[in-house]
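Chemist: Here's a sequence, model it:
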Amino acid sequence: MSVPGPAGGVAQAGVGGLVDRLAANPLLVAGVVAAVLVVFVTLVFVIRRASRSSGERLRRVLAEYDRISVLMHPNPDPDAMAAAQGVAELAATVDTEANLQHPGLVRHQENRAFETVLDLNLDRIGAAAGLDGEAVVLVDHNEPRGFTGHEQVSPVAVVDHHPGDGTGSSFTDVRPDYGACATIVAEYVEDIGLDPVGPEGEDSNGADETLPPDVSTGLLYGIQADTKHLTKGCSPAEFDAAEYLYCGIDEEALDRIANPEVDTEVLEVKARAITDRDVRGAFVYSDVGTISNVDAVPQAADELLRLEGVTAVVVLGETDGTLHLSGRSRDDRVHMGKALQAAVGDIPMAEAGGHARMGGGQVQKDHMEGLGPGEGVSREQLRERLFDAMTGDRQ
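Modeler: Okay, the predicted model is just below:
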């Protein structure tokens, strides 16, 4: 007969003792079983949550409310409006009503065409009290801004592709490596199985839930608008989203949005920007003076960047005592968002920022004159600061 070694005997004795204790104490057995069940249930929950798609997770958040406010940034562009459209469609699948809101103006001719052609119902607000919903979802920006009481707004969800620290209390999806916010939202609606259908209802493949052509068209154009028609700042996700959306677009509507009539002032501002440009090497600055259409400033910046030999530009225009800055860069040495921040960083109440390739900012003329003992900054000094920032001499 074999005799177990000391270690085996101790192990057997330990197991036997545990069995005896459990047999003598039913409450202990119940406690052990309960603990095992808690661990099991928690593990299942973690695994299911990890495997759930972002679109499904956001939809579950939206389903908790009867009505939400989908809040865009102050002057919404096609990407912001498209993302809002998509979130509203996602909400509709769980019978949640969505109100598309923004604090500023829709001014750019392309933006106005997007709103009109797709028949969007956008609600402009001036204060937090105007937010119409039980919860707020931010799209294409991650921190509320541009209206009275914005600092008191706590969004339940945030969907964005800009860098920033803003978060939603229940859902946050910020992807700075993506070229458009509309791309993220297109992934959501694909995640939950919405099938794009064209204007005549073709290509539905018998799907129970479909994506209407106006939403497909809006999402595709939002992607195109923020990536220069899939030529700039793209990730592979933009091409995947475009492929998914393509069969459901309304080509006539897409053409009408892409080719709107151009405001006369925009052409005049572009002409002034080119004529009065200050060129220093590959960098250009242009002050276009007083304007009424603020969106003419970034369009003038886009135009200047097309000039041969130019790799970075900043255009300044003034309206109602505010200087509006718009910068563009295709120079790896110039991070435009950081350059604008560096130029206006010490001016009270000035705002600036953006991506490596594009940025914008605002400066109040009154604050440029200096507060308290400050000497202030003249318009000419601001120009020099901008050139220094582009060359890397100001950080």
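Chemist: residue ranges for the helices of this protein, please.
Modeler: Assigned by DSSP state H, the helices in the chain fall at 6-24, 26-51, 54-62, 78-92, 109-117, 181-191, 213-226, 236-246, 251-258, 264-275, 296-305, 336-344, 365-368, 379-391.
Chemist: what residues does the shortest one touch?
Modeler: So the one you mean is helix 365-368. By Cβ atoms under 8 Å, 6 or more residues apart in numbering, the list of residues contacting helix 365-368 from outside reads 318, 321-323, 347-350, 376-379, 382. To be clear about C-beta, it is placed using only N, CA and C from the backbone, and glycine gets the same treatment.
Chemist: and Cys126, what is it in contact with?
Modeler: One thing to correct before we go on: residue 126 is Gly, not Cys. Pro103, Phe147, Thr148.
Chemist: Quickly note the distance from it to Leu304.
Modeler: Look at Gly126 and Leu304: by Cβ to Cβ, to the nearest Å, they are 34 Å apart.
Chemist: From the contacts of Gly126, keep the buried residues only.
Modeler: For the contacts of Gly126, a neighbour count by 16 or more other Cβ atoms under 10 Å gives the buried set as Pro103, Phe147.
Chemist: will you turn the contacts of Gly126 into TSV that also has pLDDT and distance to Thr93?
Modeler: Formatted as TSV, the contacts of Gly126 follow (pLDDT from 0 to 100; distance: Cβ to Cβ, whole Å):
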residue	pLDDT	distance to Thr93
Pro103	95	28
Phe147	95	29
Thr148	96	33
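Chemist: Nearest to Leu219 among the contacts of Gly126?
Modeler: Pro103 (22.9 Å; Cβ to Cβ).
Chemist: my guess is that closest one meets Gly146, correct?
Modeler: Yes: the criterion here is Cβ atoms under 8 Å, and Pro103 meets it with Gly146 at 3.9 Å.
Chemist: Between those two, which contacts overlap?
Modeler: The contact lists of Pro103 and Gly146 share Pro74, where a contact means Cβ under 8 Å, 6+ apart.
Chemist: in the stretch 51-200 of the chain, which segments are predicted with low confidence?
Modeler: Within the stretch 51-200 of the chain, the ranges that satisfy pLDDT under 70 run 51.
Chemist: just the strands in it please.
Modeler: Secondary structure of the stretch 51-200 of the chain (DSSP state E, counting those that start in this stretch): strands at 67-71, 97-102, 122-124, 135-139, 157-160, 171-174, 195-196.
Chemist: closest to Pro260 out of the ones you listed?
Modeler: By Cβ to Cβ (comparing all of the strands of the stretch 51-200 of the chain), the closest turns out to be strand 122-124, at 16.8 Å.
Chemist: Counting by contacts, list what that closest one packs against.
Modeler: In terms of contacts (3 or more Cβ pairs under 8 Å, 6 or more residues apart in numbering; DSSP states H and E), strand 122-124 is packed against strand 97-102.
Chemist: Any idea how far the strand it packs on is from the middle of the chain?
Modeler: From the chain centre to the centre of strand 97-102 is a distance of 16 Å (Cα atoms, centre = their mean, to the nearest Å).
Chemist: What pairs with it, parallel or antiparallel?
Modeler: Sheet pairing of strand 97-102 (DSSP bridges) gives strand 67-71 (parallel), strand 122-124 (parallel).
Chemist: contact partners of the shortest one?
Modeler: By Cβ under 8 Å, 6+ apart, the list of residues contacting strand 122-124 from outside reads 72, 76, 81, 99-106, 115, 130, 132.
Chemist: Look up phi and psi at Ala350.
Modeler: Note on Ala350: its backbone torsions stand at phi -70, psi 150 [degrees, to the nearest 10].
Chemist: Skipping its backbone neighbours, what lies nearest it in space?
Modeler: Val344 (4.0 Å; Cβ to Cβ, 6 or more residues apart in numbering).
Chemist: repeat for Phe147
Modeler: The nearest residue in space to Phe147 (Cβ to Cβ, 6+ apart) is Pro103, at 3.8 Å.
Chemist: which residues does the one you found contact?
Modeler: Residues near Pro103 by Cβ under 8 Å, 6+ apart: Pro74, Arg124, Ile125, Gly126, Arg145, Gly146, Phe147, His150.
Chemist: redo that, cut-off 7 Å
Modeler: Taking Cβ atoms under 7 Å, 6 or more residues apart in numbering, we find Pro103 in contact with Pro74, Ile125, Gly126, Gly146, Phe147.
Chemist: Turn the helices of the chain into CSV, including mean neighbour count and distance to Ala157.
Modeler: Formatted as CSV, the helices of the chain follow (neighbours: other Cβ atoms under 10 Å; distance: least, Cβ to Cβ, whole Å):
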stretch, mean neighbour count, distance to Ala157
helix 6-24, 10, 48
helix 26-51, 10, 16
helix 54-62, 20, 6
helix 78-92, 27, 8
helix 109-117, 20, 23
helix 181-191, 26, 11
helix 213-226, 27, 18
helix 236-246, 17, 19
helix 251-258, 16, 27
helix 264-275, 17, 35
helix 296-305, 24, 28
helix 336-344, 24, 25
helix 365-368, 16, 34
helix 379-391, 19, 35
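Chemist: Now render those helices as CSV, adding distance to Thr311.
Modeler: Listed next are these as CSV, based on distance: least, Cβ to Cβ, whole Å:
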stretch, distance to Thr311
helix 6-24, 74
helix 26-51, 44
helix 54-62, 37
helix 78-92, 25
helix 109-117, 25
helix 181-191, 27
helix 213-226, 21
helix 236-246, 24
helix 251-258, 27
helix 264-275, 16
helix 296-305, 8
helix 336-344, 11
helix 365-368, 28
helix 379-391, 9
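Chemist: Among those helices, show the one with the smallest mean pLDDT.
Modeler: Among the helices of the chain, helix 26-51 carries the lowest mean pLDDT, a mean of 51.
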